[in-house]
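> Got a predicted model here, sequence first, then my questions.
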Amino acid sequence: DAGVIQSPRHEVTEMGQEVTLRCKPISGHNSLFWYRQTMMRGLELLIYFNNNVPIDDSGMPEDRFSAKMPNASFSTLKIQPSEPRDSAVYFCASSTTGVGNTIYFGEGSWLTVV
Amino acid sequence: AQKVTQAQTEISVVEKEDVTLDCVYETRDTTYYLFWYKQPPSGELVFLIRRNSFDEQNEISGRYSWNFQKSTSSFNFTITASQVVDSAVYFCALSEATTGNQFYFGTGTSLTVIP
């Protein structure tokens, strides 16, 4: 079975540019998560969706970040405008809905903003 | 307050040695779940194990074993006869019944196995 699929795997962009990261969750999973990983802050939950509805976006750093889930098989995380401090690995993960269910991660999108 | 503490930032062992990675958690829930994930140098996060708070049986999977002790709020991970391929960052995580899908990750332990 296919795991969580993320694209792009690597992106280098200039400060001020818009960045869009994409995610396809595991089929049948109805919870989707966006995490950010940096050396300084470790793994941070940015936002998560249940059945395509954003449940908790308290981790989204600021208005420059937005996330959408238009359907059960696709989500985007957008940064506009990007800044060098946004450089990080962004992980998408999915699970079946329910307390304590295992979340499965994609391979991550490595973002560098110069 | 940190809900999951991995006090060991970095560990180095020589191949074939046993190594234990510590994880201490904090929760007031009676129902909760504990996880370990592995992040090899390639960067992906790989799920290793999930335990619920009602099952304190230790678990063994090949060279991996997990020791869950509610009395000390610990969920430690032991690798027996370590191999170079075990070199990775290992994360412990907690999920509580009252906070649904929220996962609390520790800061990770970086394990280097020296050939």
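Cool, the structure landed. Numbering: from 1, shown residues only, chains lettered A, B, ... in the order given.
> What strand or helix carries B:Arg50?
For B:Arg50, the host element (DSSP states H and E) is strand B:46-52.
> Quick check: mean pLDDT of that strand?
The predicted model gives strand B:46-52 an average pLDDT of 94.
> Now do the SS call for the residue of chain A found nearest chain B.
Going by Cβ to the nearest Cβ, chain B is nearest to A:Gly100 of chain A, at 3.4 Å. Any C-beta I mention is one placed from the backbone N, CA and C, and that applies to glycine too. Under DSSP: H, G, I helix; E, B strand; the rest coil, the three-state class of A:Gly100 is coil.
> partners of the closest residue in space to it that isn't next to it in sequence in the sheet?
Excluding the flanking residues, the one nearest A:Gly100 by Cβ to Cβ, 6 or more residues apart in numbering or on different chains is B:Tyr33, at 3.4 Å. Counting by DSSP bridges, B:Tyr33 is bridged to B:Asn52, B:Ser95.
> now for the strand holding B:Arg50, which elements pack on it?
Applying 3 or more Cβ pairs under 8 Å, 6 or more residues apart in numbering or on different chains; DSSP states H and E, we find strand B:46-52 packed against strand A:104-105, strand B:32-39, strand B:59-61, strand B:64-69.
> need these in JSON lines with mean neighbour count, can you?
JSON lines is the format used below for the helices and strands packed on strand B:46-52 (neighbours: other Cβ atoms under 10 Å in any protein chain shown):
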{"stretch": "strand A:104-105", "mean neighbour count": "21"}
{"stretch": "strand B:32-39", "mean neighbour count": "22"}
{"stretch": "strand B:59-61", "mean neighbour count": "10"}
{"stretch": "strand B:64-69", "mean neighbour count": "17"}
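> out of these, which comes closest to A:Glu11?
With Cβ to Cβ as the criterion, A:Glu11 lies closest to strand A:104-105 of the helices and strands packed on strand B:46-52, at 18.0 Å.
> just checking, what packs against the closest one?
Going by 3+ Cβ pairs under 8 Å, 6+ apart, strand A:104-105 lies up against strand A:88-95, strand B:46-52.
> Which residue comes closest to the residue nearest the centre of chain A once chain neighbours are left out?
Centroid-nearest residue in chain A, with Cα atoms, centre = their mean: A:Trp34, separated by 3.1 Å. In space, A:Trp34 comes closest to A:Leu46 once its chain neighbours are excluded; the distance is 4.4 Å by Cβ to Cβ, 6+ apart.
> List the contacts of the helix or strand encompassing that neighbour.
Using DSSP H and E, A:Leu46 sits in strand A:42-50. Where contact means Cβ atoms under 8 Å, 6 or more residues apart in numbering or on different chains, the residues beyond strand A:42-50 that reach it are A:30-38, A:54-57, A:59-61, A:65, A:67, A:69, A:75, A:77, A:90-91, A:97, B:91, B:101-103, B:105, B:107-108.
> Okay, buried residues for that strand please.
Going by neighbour count (16 or more other Cβ atoms under 10 Å in any protein chain shown), the buried part of strand A:42-50 is A:Leu43, A:Leu45, A:Leu46, A:Ile47, A:Tyr48, A:Phe49, A:Asn50.
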